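Trainee: The following block contains a protein sequence and its predicted model.
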Amino acid sequence: MDRKSFIKTASTATVASSLLPKFSFAAAGSDKIKVAIVGCGSRGSGALRNMFDADQNIEFVAAGDLFADQVERAKGLVKMHVDKKYGGKFDPWKVKPETTFIGLDAIDKICQTDANVVILATPPVFRPSHIEKCLKAGKNVFAEKPIAIDAAGLRKVYDELIPLAKKSGLSVVCGTQMRYQSSIKEGVDRVRDGQIGDIVGGVFLRYEPKYLTHSSLAGREAELSPDDAEFQLRNWLAFRWTSGDQFVEQYVHNLDMALWALGDLPVEAIGSGGRQLNLTIGDRQSNTHVHYVFKNGMTLTSACRQEPNATPFTTFKVIGTKGTLDMSFDKQKISGEKPCMIDSPKKQALVCEHEFLLASIRNGKPVETMKTCADSCYIAIAGREAAYAAKRLKCRWVLEKSKLDYMPKDLSLSGKVPLMPVPNPVDYKLV
């Protein structure tokens, strides 16, 4: 896809979706919107709070998770947030024992409830299949990023789920929340208007001093071993098959910002990566570095790391012939011939993305943001595979030839998932 087509697709997605027919599963006007969630961990419970901050005329009617303690934790966090922020004026938690579902089939039972919208915040390996089940059940969806972590899931999103969403007239909003941050949008618009001249490339680095595992063992450390499925799912950020690695799971936010600003998708990736030797949990890398090359000659240098005692550092820089845009999760700064500072927004992007979704449901004008999220996941997966194998890789290889599918066969919560070695270019084979 060339840059002109990419920009046109990104800018017209919302407009095109507004032309779809109204759907019968919306809660219109001032009606209560009934919300269900699958995946009640830290991000899931955060999404519940963000959604309530976006619209207090909602209620949470069903909750599902692989583990019962996660649902109880989410309930407590939602109650504490609502009581503290709204002084006890609201009680949105209407989840009952009969609408609480635990286990791998929680998604199927959630889809049978009367919820208008389902939040999907499980480990992302489940995301494509869960989106599919929700759409086929007539549910609008908030899908946390990433929405695909391997070639099999990516092709499903492009070939099946995006057409299904358009055909069904349902809203699907993905959790690449920086798309809804007003100062970033203004910065991107100014780049589009030529304020920094012709774009040459970008440098996007995200270094953090902590290796995240997302542990929620709930006191079961002595009972579980690292090859237990439950151990890996409770520490899902540390394993490739559950998370897709940091570069796809977390850094996709930054990559999404970069691709949005650059206005195109790269055609090649060359990468490297590794893992701090004293880290013991999981099989993913702790640092990943990818250099992307675009058809028009632009380049993007990208890197992330999560390593204890590392100096925290971030820079998200778009470089033009007449200046630079320094992006952040807060203020945006343009330097060069036409300098300016774009102030931080009053509303969190995490809230704005839910405002966008809920407004589409109330207005009967469905929106679908899977395409831009899938594009960012696609480039992240290509970069990750290039880094694992230490190869120069054509990005299209992921869509056209890769057979990588991280979902274990016959997955059982009480079963085993064989441990994989940390990827290294001596042993890693592109699949």
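Mentor: That came through fine. None of the values given here were measured: they were computed from a predicted structure.
Trainee: How is the residue nearest to Lys331 when sequence neighbours are not counted assigned, secondary-structure-wise?
Mentor: The shortest distance from Lys331 to any non-neighbouring residue, by CB to CB, 6 or more residues apart in numbering, is to Ser344 (5.0 Å). Where C-beta positions appear, they are placed from N, C-alpha and C, glycine not excepted. Under the three-state scheme (DSSP: H, G, I helix; E, B strand; the rest coil), Ser344 adopts coil.
Trainee: Quick check: longest strand in this structure by residues?
Mentor: Counting residues, the longest strand found in the chain (DSSP state E) is strand 199-208.
Trainee: just how off-centre is that one within its chain?
Mentor: Distance of strand 199-208 from its chain centroid, counting by CA atoms, centre = their mean, to the nearest Å, is 19 Å.
Trainee: Ok, stretch 47-55 next?
Mentor: 17 Å.
Trainee: about what we covered before: just the CA coordinates for the longest strand of the chain, please, in PDB.
Mentor: Output of strand 199-208 as PDB, limited to C-alpha atoms (Å, rounded to 0.1, in the frame of the first residue of the first chain):
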ATOM      1  CA  ILE A 199       8.900  13.400   6.200                       C
ATOM      2  CA  VAL A 200      12.300  11.600   6.300                       C
ATOM      3  CA  GLY A 201      11.700   9.100   9.000                       C
ATOM      4  CA  GLY A 202      11.300   8.600  12.800                       C
ATOM      5  CA  VAL A 203      13.000   7.400  15.900                       C
ATOM      6  CA  PHE A 204      10.700   5.700  18.500                       C
ATOM      7  CA  LEU A 205      12.300   4.300  21.700                       C
ATOM      8  CA  ARG A 206      10.600   3.100  24.900                       C
ATOM      9  CA  TYR A 207      12.900   1.900  27.700                       C
ATOM     10  CA  GLU A 208      11.400   0.900  31.100                       C
END
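Trainee: That strand - what's its average pLDDT?
Mentor: Averaged across strand 199-208, pLDDT comes to 97.
Trainee: After that strand, which helix or strand is next?
Mentor: helix 229-234 (DSSP states H and E).
Trainee: And the contacts of that following helix?
Mentor: Residues outside helix 229-234 that contact it (CB atoms under 8 Å, 6 or more residues apart in numbering) are 66-67, 123, 214-218, 220, 224-226, 238-239, 241-242, 408, 411-417.
Trainee: Mind giving me the ChimeraX select for these, buried ones only?
Mentor: A single ChimeraX command selects the buried members of the contacts of helix 229-234 (16 or more other CB atoms under 10 Å):
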select :66,67,123,214,216,217,226,238,239,241,242,408,417
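Trainee: Report the buried residues of the longest strand of the chain.
Mentor: 199, 201-208.
Trainee: ok so, going back, got a pLDDT number for the residue nearest to Lys331?
Mentor: pLDDT at Ser344 comes out at 89.
Trainee: give me the number of residues near it?
Mentor: 14 (other CB atoms under 10 Å).
Trainee: Ok, Lys338 next?
Mentor: 14.
Trainee: The nearest residue to it once chain neighbours are set aside: neighbour count?
Mentor: Nearest non-adjacent residue to Lys338, counting by CB to CB, 6+ apart: Gln195, 5.0 Å away. Using other CB under 10 Å, Gln195 has 19 other residues around it.
Trainee: Also His81?
Mentor: Around His81 there are 17 other residues, counting by other CB under 10 Å.
Trainee: If I follow the layout properly, it ends up in contact with Met51?
Mentor: No. Contact criterion CB atoms under 8 Å: His81 and Met51 do not qualify, at 11.2 Å.
Trainee: how close does Asp114 sit to Ala62?
Mentor: Plainly put, Asp114 is 9 Å away from Ala62 if you go by CB to CB, to the nearest Å.
Trainee: These two: which is more packed in?
Mentor: Neighbour tally, Asp114 and Ala62, criterion other CB under 10 Å: the higher count belongs to Ala62, 25 against 10.
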